[in-house]
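> Return a 3D structure for these sequence lines:
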Amino acid sequence: MQRRNLLACGAALGSAALWPDARLLAQQAHDFIEGPPVADIAPRQLSAHVWMIFSPDGFPTPENRGMMSNVIFVLSSVGVVVLDSGASLQIGEMAIRMIRKLSNKPVVAVFNSHYHGDHWLGNHAFVKSFGDKLPIYALQGTIDKLQGTEANLWRGLMERWTNQSTLGTELVLPNTAVRHGQVFTFGDVSLRLHHHGTAHTPADLCVEVVQDKVTSVGDIAMANRIANMEEGSYPGTFKYYQALAAATGEQLWAPGHGEPAKDLLKTYGEFMAGIWEPCLQAVKDGQSEADAKAMVLQDPRVVSRAKTMQGFANNIGKYISLAYLEAEKEAF
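Numbers count the residues shown, from 1 in each chain. Down below sits the predicted model:
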């Protein structure tokens, strides 16, 4: 009996000596399954009800673990409304930690501005914390796109771009379609929804926080990078800006990428026009795409942003090409 006790004690001591290694292995296994947490980013208050978790980076990397777009949330008297949930489970979880510093009320709704993964993959965290009945709103065009191959494509891309930091993120799609002009009331806050055609994508939802004169614009305008225009439209963007501004009046425009500003649509619109107008003119004059590119790169509206805009050198050629192709359709 005494010998058995000694053996058991020795085994326990031996196991105790291995505990740090066991804990390390368990943590590594967990990180492999789910990916590591994202560092906290303190939210900034934009207005009486609106807060933003700001991302200084415009593109996903292993270092930022996919934290490439802003997460905006609205504190109402009945709960918290999230406007774009981030690019992963881990980013969504970080956002929830930050929300908890400001409110003990539940998240009562999530709105996804469009179908690019950095704006909706964080849905997983909110459903995990607040239940699978949580309403997640988006335009029908976004829902349709994500019900195809787009959702899984974006999850894979985020894992690859971040060296698998976003592992564990499950596909939680928007579950409720919305339309232009709808107004949602959450206690003391009203949200008006806007969609004015194709801009960054065919299904860009902007959310106006009526009482605060703040509008979350998703990716139709950016402050620190060039918007991907592969599925968008240059003239469609200008029309969207005009219609949105006419419908809302003066606003603080809060983008998915970069700092909010009251003149964001104007300044980003000027930059986009610096790409579009030379391309359209080149097409009308029978000049080549190479000629159009030279004109764009000399346009002062583009030159003034070249040194400060993230991803400019790597992307400007592609977006000039897209503008030239659209200009050919527009001109003929």
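> and Ala246, helix, strand or coil?
Secondary structure assignment for Ala246 (DSSP: H, G, I helix; E, B strand; the rest coil): helix.
> And for His180, nearest residue in space, chain neighbours not counted?
In space, and not counting its chain neighbours, His180 is closest to His195: 4.1 Å by Cβ to Cβ, 6 or more residues apart in numbering. No exception for glycine: its C-beta is placed from N, CA and C like everyone else's.
> how about that neighbour, phi and psi?
Note on His195: backbone dihedrals following degrees, to the nearest 10 are phi -150, psi 120.
> mind listing what it touches?
139, 179-180, 203-206 (Cβ atoms under 8 Å, 6 or more residues apart in numbering).
> do the same with Gly317
Counting by Cβ under 8 Å, 6+ apart, the residues that Gly317 touches are Lys293.
> of the contacts of His195, closest to Arg97?
Leu205 (25.8 Å; Cβ to Cβ).
> Tell me, how many residues neighbour the closest one?
Other residues near Leu205 number 28, with proximity taken as other Cβ atoms under 10 Å.
> tell me the phi and psi of it?
phi -100, psi 130.
> Verify the contact between it and Gly141 for me.
No. Counting by Cβ atoms under 8 Å, Leu205 does not reach Gly141; the two are 9.2 Å apart.
> how many neighbours does the closest residue to Gly249 other than its chain neighbours have?
Spatial nearest neighbour of Gly249, chain neighbours left out: Lys213 (7.6 Å); criterion: Cβ to Cβ, 6+ apart. Neighbour count for Lys213, taken as other Cβ under 10 Å: 15.
> re the thing from before, can you flag the buried ones in the contacts of His195?
Applying 16 or more other Cβ atoms under 10 Å to these, the neighbour count classes 139, 203-206 as buried.
> measure stretch 44-61 end to end?
End-to-end span of stretch 44-61 (Cα to Cα, to the nearest Å): 23 Å.
> could you pull out the strands for the chain?
In the chain, the strands defined using DSSP state E lie at 44-45, 50-53, 71-75, 80-83, 107-111, 136-139, 176-178, 183-186, 189-194, 206-209, 214-218, 252-255.
> quick one: average confidence on the shortest one?
So the one you mean is strand 44-45. If you average the pLDDT over strand 44-45, you get 98.
> How about stretch 141-153?
Stretch 141-153 comes out at a mean pLDDT of 96.
> buried set for stretch 84-102?
Buried residues in stretch 84-102 (16+ other Cβ under 10 Å): 84-96, 98-99.
> gap between it and the chain center?
12 Å (Cα atoms, centre = their mean, to the nearest Å).
> what mean pLDDT would you report for that stretch?
The model assigns stretch 84-102 a mean pLDDT of 98.
> repeat for stretch 57-67
95.
> Now do that stretch: distance from first to last residue.
7 Å.
> Next one: Ser85 from His119, what distance?
7 Å (Cβ to Cβ, to the nearest Å).
> Spit out the residues that contact the two alike.
What both Ser85 and His119 touch, as defined by Cβ under 8 Å, 6+ apart, is the set Asn112.
> Count the residues that sit near the nearest residue to Ala221 once chain neighbours are set aside.
Nearest-residue entry for Ala221: Tyr268, 4.2 Å, with adjacent residues in sequence omitted and distances by Cβ to Cβ, 6+ apart. As a burial measure, Tyr268 scores 24 neighbours (other Cβ under 10 Å).
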